[in-house]
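Student: give me the fold of what follows.
(one chain, ligands or ions: 3)
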Amino acid sequence: MEPLERLEKLLDGEQFEKIKSIDNPELHAFLAEWIEWLEPDRVFVCTDSPEDEAYVKWKALYYGEEKMLEMPNHTVHYDNYYDQARDKANTAILTPGGKPLPYLNTKDREEGLKEIRELMKGIMKGKELFVCFFVLGPRNSIFTIPAVQLTDSAYVAHSEFILYRKGYEEFKRLGRSARFFRFVHSEGELDERKTSKNLDKRRVYIDLEDETVYSVNTQYGGNTIGLKKPAFRLTIARAVNEGWLSEHMFLMRVNGPHGRKTYFTGAYPSMCGKTSTAMISWENIVGDDLTFILPVNGVARGANVEKGVFGIIQGVNPEDDPIIWEILHSPVEIIFSNVLVKDGKPYWNDMGVPIPDEGENHSGKWWKGKKDAEGNEIPPSHKNARFTVSLEHFPNADLEALESPCGVEVGGMIFGGRDADTWPPVREAFNWRHGVITMGAALESETTAATLGKEGVRAFNPMAILDFMSVHLGDYIRNYLDFEKRVKKTPKIFAVNYFLRENGKWLNHKLDKGVWLKWMELRVHGDVDAIETPIGYIPKYEDLARLFREVLNKEYTREDYEMQFKIRVPELLAKIDRIEGIYRKLDNVPEELFQILEEERRRLLEAREKYGDYISPFALEGV
Ligand SMILES: Nc1nc2c(ncn2[C@@H]2O[C@H](COP(=O)(O)OP(=O)(O)OP(=O)(O)O)[C@@H](O)[C@H]2O)c(=O)[nH]1
Ligand SMILES: O=C([O-])CC(=O)C(=O)O
Ligand SMILES: [Mn+2]
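Tutor: Ligands and ions are numbered 1, 2, ... in the order given. You can find the predicted model right below:
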């Protein structure tokens, strides 16, 4: 039987008409196959109409996956206590014969597809399946990638309506020419709290060949929201094949002197400051997690893949995050996940105001001092508790840049991570290749609660992207280096480190990043001088002192500067050894990477000869 005929049998009249209006046999075949396989009781097809979106939101409440809070348009969703972060161990890239790729979990494609199909057979019996259409990137633009999501979680579909642009009309417009992504998700059986129960059968499998991601027995957004991290694996592979960049980066506007607008992207691993940076209240946010960068007429142009924020709520407080705080306390549409709720109000860790010592949270009924099965005390909210909200509600969003079909020119690209003792707070690369290798490819960061597993362990995390990598790391880096040939002028590359510690104390305040951004903006336009060091250019004290006064109204002492910006030669050399060791073990790494690391090592050794292990920036000034 033809797919459309099969669909006519599976769907009721109104839903069938919605599908029929899209002239795409490949889509029809995919839908027929999976709806037959998943065996839902009902299927709802979402068009771009406000009624269909409202239907999904209503169903999230009706099925109990979300609960209403006191404030209008606010809801709360809980994930299972053991389903609070991305599950790296059970996420795999399907490759022919299970061909290994460095640092990635791979699995034989045939075997993986068989396993996931078995896990999903009839899994939606008694449930409603939502078929949703969205696009990655702005609609009808050079960035647009259409995607279809199948899910039995109204919470997942609801999150996607907040986070992505609607795509039903785009599917209709593109018809047979749509090169679309597919996502098949089932939360599986739920417990009485409406959280996924069969976590031992949790799987996220990525099939690059069919550009399809399967996700089962989990609800946590990072595993389930198809267009977010599942899609990211697919876009990385496309980008490397096609010669552009798909990155784990925020996109923001930094406002320079005389109304100058300069756009920056920034790649930091999960929970390492992308949202906090893009949300600096005097600058403008375009995106906080995923950016596409395309060479367009010789210019690197960036666009946010999303249109909303799935942000970390822990630590959001009125002082450091005034705008997010304001938004979270206004009646715009927000899903809170895994927070503490008491009398219809949400609370979270370190929110800077007193919070109740009992209520409901990600562990169920909660009281202060409650312990989990492992004997760990349960905090009020999970460290990876999040909020989901559309960027249109942000007074500081640059909505023009967000919707620009050609994106915005990228002036600077920043890399950073949780690094207690090696990198200075900010520095600029000598050139593209120096930045790509010593800042991007050499990135290391301490692990966080954004993934299941131990926290605080220093881990190799090139371009902050390792969790999402889907191709050979060598090919990915080669594509990055080659990007230089595709543009007339490359963005400047910078590295930041917000997490320097000395004797257990942070060396910087959370808002200091606002100063580093202003300095980088000036550097993009050649407006300030800098000090040349073995590892790149660093700011001069005078410039920072002035910017600290202007931006934060703070005195910045010479002592603070010297402590923060000293060149830590032993740590830097040890890092080069580690990074070189890692890449030496891999095949297919561009030879250039080793040359660039070697040049950096040589500069550090020479500097050590002259100045010793720890070099004051003042010693290098004017040299
Ligand atoms: N010490 C310190 N902590 C910071 C700083 N900036 C951000 N943080 C903390 O880092 C954590 C996460 O930051 P986010 O900006 O939400 O992380 P993200 O990079 O957007 O992460 P994902 O959404 O997981 O990709 C929060 O707990 C912040 O409090 C900083 O400058 N200093
Ligand atoms: O994908 C998620 O779970 C949230 C996120 O941004 C990350 O972990 O990088
Ligand atoms: Mn992220």
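
Student: neighbours of the residue nearest to G188 when sequence neighbours are not counted, how many?
Tutor: Residue nearest to G188 in three dimensions, not counting chain neighbours: N217, with 3.9 Å by CB to CB, 6 or more residues apart in numbering. C-beta: built from backbone N, CA, C; applies to glycine. By the measure other CB atoms under 10 Å, the count of residues near N217 is 26.

Student: cool, and Q314?
Tutor: Around Q314 sit 20 other residues, with neighbours defined as other CB under 10 Å.

Student: for the stretch 151-300 of the chain, which residue gets nearest to ligand 2?
Tutor: Residue of the stretch 151-300 of the chain nearest ligand 2, by CB to the nearest ligand atom: G222 (2.1 Å).

Student: ok, and for the strand or helix carrying that residue, which residues are buried?
Tutor: Under the criterion of DSSP states H and E, G222 resides in helix 221-224. By 16 or more other CB atoms under 10 Å, the buried positions in helix 221-224 come out as G221, G222, N223, T224.

Student: residue contacts, the second one?
Tutor: Right, the one you point to is G222. By CB atoms under 8 Å, 6 or more residues apart in numbering, the contact set of G222 is A85, R86, K228, K229, A450.

Student: cool, and I535?
Tutor: W423, P424, R427, T438, I567, L572, E600, R603, L604.

Student: let's see which of the residues you listed end up in strands.
Tutor: Among the contacts of I535, the members falling in strands (DSSP state E) are R427, I567.

Student: nearest to E446, of the contacts of I535?
Tutor: W423 (12.8 Å; CB to CB).

Student: ok so, going back, run through the residues that contact the residue nearest to G188.
Tutor: Contacts for N217 (CB under 8 Å, 6+ apart) come out as L119, S186, E187, G188, E189, S196, K197, N198, L199, K201, R202, R203.

Student: the fifth one reaches K197, doesn't it?
Tutor: Yes - A contact is recorded between E189 and K197 when judged using CB atoms under 8 Å, the distance being 4.7 Å.

Student: between these two, which has more neighbouring residues?
Tutor: When neighbours are counted by other CB under 10 Å, K197 comes out ahead of the other of E189 and K197, with 17 against 12.

Student: any idea how far the closest residue in space to S276 that isn't next to it in sequence lies from ligand 1?
Tutor: Taking CB to CB, 6+ apart, and ignoring the residues beside it in sequence, S276 has K510 as its nearest neighbour in space, at 6.8 Å. Applying CB to the nearest ligand atom, to the nearest Å, the value for K510 to ligand 1 is 4 Å.

Student: K510: what's it in contact with?
Tutor: S276, D320, Y498.

Student: lowest pLDDT pick from those residues?
Tutor: Note: of the contacts of K510, the lowest pLDDT belongs to D320, at 89.

Student: check what pLDDT the residue nearest to S276 gets.
Tutor: On the pLDDT scale, K510 is placed at 94.

Student: what's the answer for G622, then?
Tutor: What the model reports as pLDDT for G622 is 73.

Student: any idea how far it lies from ligand 1?
Tutor: Distance from G622 to ligand 1, counting by CB to the nearest ligand atom: 30 Å.

Student: just E8 next, same as before
Tutor: 42 Å.

Student: for the spatially most central residue of the chain, give me the pLDDT.
Tutor: For the chain, the residue whose C-alpha lies nearest the mean C-alpha position (CA atoms, centre = their mean) is D289; its distance is 3.6 Å. D289 carries a pLDDT value of 98.

Student: pretty sure it sits against K274.
Tutor: Yes - taking CB under 8 Å as the contact criterion, D289 and K274 are neighbours in contact, 6.2 Å apart.

Student: list residues touching both of these two?
Tutor: Taking CB under 8 Å, 6+ apart as the contact rule, D289 and K274 both touch H248, M249, F250.

Student: return the residues of the stretch 51-200 of the chain in contact with ligand 2.
Tutor: R86 (CB under 6 Å from any ligand atom).

Student: mind listing the helices for the stretch 51-200 of the chain?
Tutor: Counting by DSSP state H, counting those that start in this stretch, the stretch 51-200 of the chain has helices at residues 109-120, 154-163, 168-174.

Student: circling back: which one of the contacts of K510 is nearest to ligand 3?
Tutor: S276 (12.4 Å; CB to the ion).

Student: buried residues in the helix or strand hosting the closest one?
Tutor: Under the criterion DSSP H and E, the helix or strand holding S276 is helix 274-278. Buried positions in helix 274-278, judged by neighbour count with 16+ other CB under 10 Å: K274, T275, S276, T277, A278.

Student: and what of stretch 210-226?
Tutor: 211-226.

Student: can I get stretch 350-359 in PDB, CA atoms only?
Tutor: Listed next in PDB are the C-alpha coordinates belonging to stretch 350-359 (Å, rounded to 0.1, in the frame of the first residue of the first chain):
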ATOM      1  CA  ASP A 350      21.500  30.100  45.100                       C
ATOM      2  CA  MET A 351      18.800  32.400  44.000                       C
ATOM      3  CA  GLY A 352      19.900  35.100  46.400                       C
ATOM      4  CA  VAL A 353      16.700  35.200  48.400                       C
ATOM      5  CA  PRO A 354      15.400  33.000  51.200                       C
ATOM      6  CA  ILE A 355      13.700  29.800  50.000                       C
ATOM      7  CA  PRO A 356      11.300  27.400  51.700                       C
ATOM      8  CA  ASP A 357      12.700  24.300  53.400                       C
ATOM      9  CA  GLU A 358      10.100  22.000  52.000                       C
ATOM     10  CA  GLY A 359       8.000  21.500  48.900                       C
END
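
Student: and the closest residue to D512 other than its chain neighbours, how far from ligand 2?
Tutor: Across the structure, with CB to CB, 6+ apart as the measure, the residue nearest D512 apart from its sequence neighbours is P425 (6.9 Å). Computed as CB to the nearest ligand atom, the P425 to ligand 2 distance reads 23 Å.

Student: how about the contacts made by P425?
Tutor: Shown in contact with P425 (CB under 8 Å, 6+ apart): V496, N497, Y498, L500, L507, N508, D512, W516, Q564, F565.

Student: from those residues, which is closest to ligand 1?
Tutor: Closest approach between those and ligand 1, by CB to the nearest ligand atom: Y498, at 3.4 Å.

Student: what residues does the stretch 401-550 of the chain put near ligand 3?
Tutor: Counting by CB under 5 Å from the ion, the stretch 401-550 of the chain comes close to ligand 3 at no residue.

Student: ok and the residue in the stretch 401-550 of the chain nearest ligand 2?
Tutor: With CB to the nearest ligand atom as the measure, A450 is the residue of the stretch 401-550 of the chain nearest to ligand 2, at 3.9 Å.

Student: and for that residue, nearest residue in space, chain neighbours not counted?
Tutor: In space, A450 is closest to S270, 3.4 Å off (CB to CB, 6+ apart).

Student: the residue lying closest to E319 once chain neighbours are set aside is in what secondary structure piece?
Tutor: Distance criterion CB to CB, 6+ apart; nearest residue to E319, sequence neighbours excluded, is G352 at 6.5 Å. Element membership of G352 [criterion: DSSP H and E] is none; it lies in no helix or strand.

Student: would you quantify the distance from Y78 to T195?
Tutor: As for Y78, its distance to T195 is 6 Å (criterion: CB to CB, to the nearest Å).

Student: who touches the closest residue to P72 other than its chain neighbours in this structure?
Tutor: By the measure of CB to CB, 6+ apart, the closest residue to P72 outside its immediate chain neighbours is P331, 4.4 Å from it. Applying CB under 8 Å, 6+ apart, we find P331 in contact with M71, P72, N73, H74.
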